[in-house]
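Undergrad: build me a model:
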Amino acid sequence: MKPLVPVSTGARIILGAGFFVMFVAVWGAATWSGWVPPLFLASPDRTLAAGWSLLTEFGFAGDIAITIFRVVGGFLIAAAIGVPLGLMMGAFKPIEAFFEPFVSFARYLPASAFIPLLILWAGVGEAQKLSVIFIGSFFQVVIMVALIAGGTRMDLVEAAYTLGARSRGILRRVIIPSAAPQVMETLRLVLGWAWTYVIVAELIGATSGIGHMIMDSQRLLDTGQMIFGIVVIGLIGLITDFLFKALNRALFPWASL
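TA: Predicted coordinates:
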């Protein structure tokens, strides 16, 4: 191995899958040997059996769908407002000076701390859960996109001015294309954080969703169902991660040059 030397696609797949195999093997050894009691950690086969029961008998597919809707809905609202604002803050310093102090203050506020207030204001319906995800994602998107846009190479900006571009053209033809690949990477990371917020939102006052199922399973001391719910979240996150990377490569091929 050499620092920063990339590996082939095949080697990356083998190494990544190898860790999953090793993880499941250690998990199975700890549970099948009796070293960890089933009350505290279900074995892999019991987890799969619990998951199959959830999907075939208890309508867990509906819980998965409603959780995905909440994550995607709150995240898209945050991105639709946060990305343009972040680009404007990065491109125009007066706008940055106006918004940046409050955004920097707000991004340190934990979204979970707003849940009691949001329940009071919006009840326990979908608006409350979407609001938790929005609060948790919006300020992170704004500040990260502003940093990306503000880091645009000045030689590209000066070359555009030399060619007669105006401020609007600089933003549209230089800053946005330069920042777009990194903005997509930022959205990929923030979407992962959004999953943590939705589970927190579903732990309180929810009647559906993966988080609600996990809480019900905790009351029944069914660690198999709890672990299966956690694994489902991880699998969905992994799939969306790959989709974001593929979309980034397809939309912005110049980023790899």
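Undergrad: now do the contacts for Met215.
TA: Glu202, Leu203 (Cβ atoms under 8 Å, 6 or more residues apart in numbering). (Glycine included, C-beta is placed from N, CA and C.)
Undergrad: mind checking how far it is from Met1?
TA: Using Cβ to Cβ, to the nearest Å, we find Met215 at a distance of 44 Å from Met1.
Undergrad: and the longest helix along the chain, what's buried?
TA: Of all the segments assigned as helix in the chain under DSSP state H, the longest by residue count is helix 60-91. Using 16 or more other Cβ atoms under 10 Å as the burial criterion, the residues of helix 60-91 that qualify are 60, 63-64, 66-68, 70-79, 82-83, 85-91.
Undergrad: do the same with stretch 96-116
TA: Applying a neighbour-count criterion of 16+ other Cβ under 10 Å, one finds Glu96, Phe99, Val103, Arg107, Ala111, Ser112, Phe114, Ile115 buried in stretch 96-116.
Undergrad: kindly report the same for stretch 198-215.
TA: Residues of stretch 198-215 classed as buried by neighbour count (16+ other Cβ under 10 Å): 198-206, 208-215.
Undergrad: one more: stretch 223-233?
TA: Of all the residues in stretch 223-233, those buried under the rule 16+ other Cβ under 10 Å are Thr223, Gly224, Gln225, Met226, Ile227, Phe228, Gly229, Val232, Ile233.
Undergrad: out of the residues you listed, which are inside helices?
TA: In this view, the buried residues of stretch 223-233 that belong to helices under DSSP H are Thr223, Gly224, Gln225, Met226, Ile227, Phe228, Gly229, Val232, Ile233.
Undergrad: out of those residues, which one sits closest to Met144?
TA: Looking at those and their distance to Met144, the nearest is Ile233, at 22.8 Å (Cβ to Cβ).
Undergrad: tell me the contacts of that closest one?
TA: With contacts defined as Cβ under 8 Å, 6+ apart, the neighbours of Ile233 are Trp195, Ile199, Ile210.
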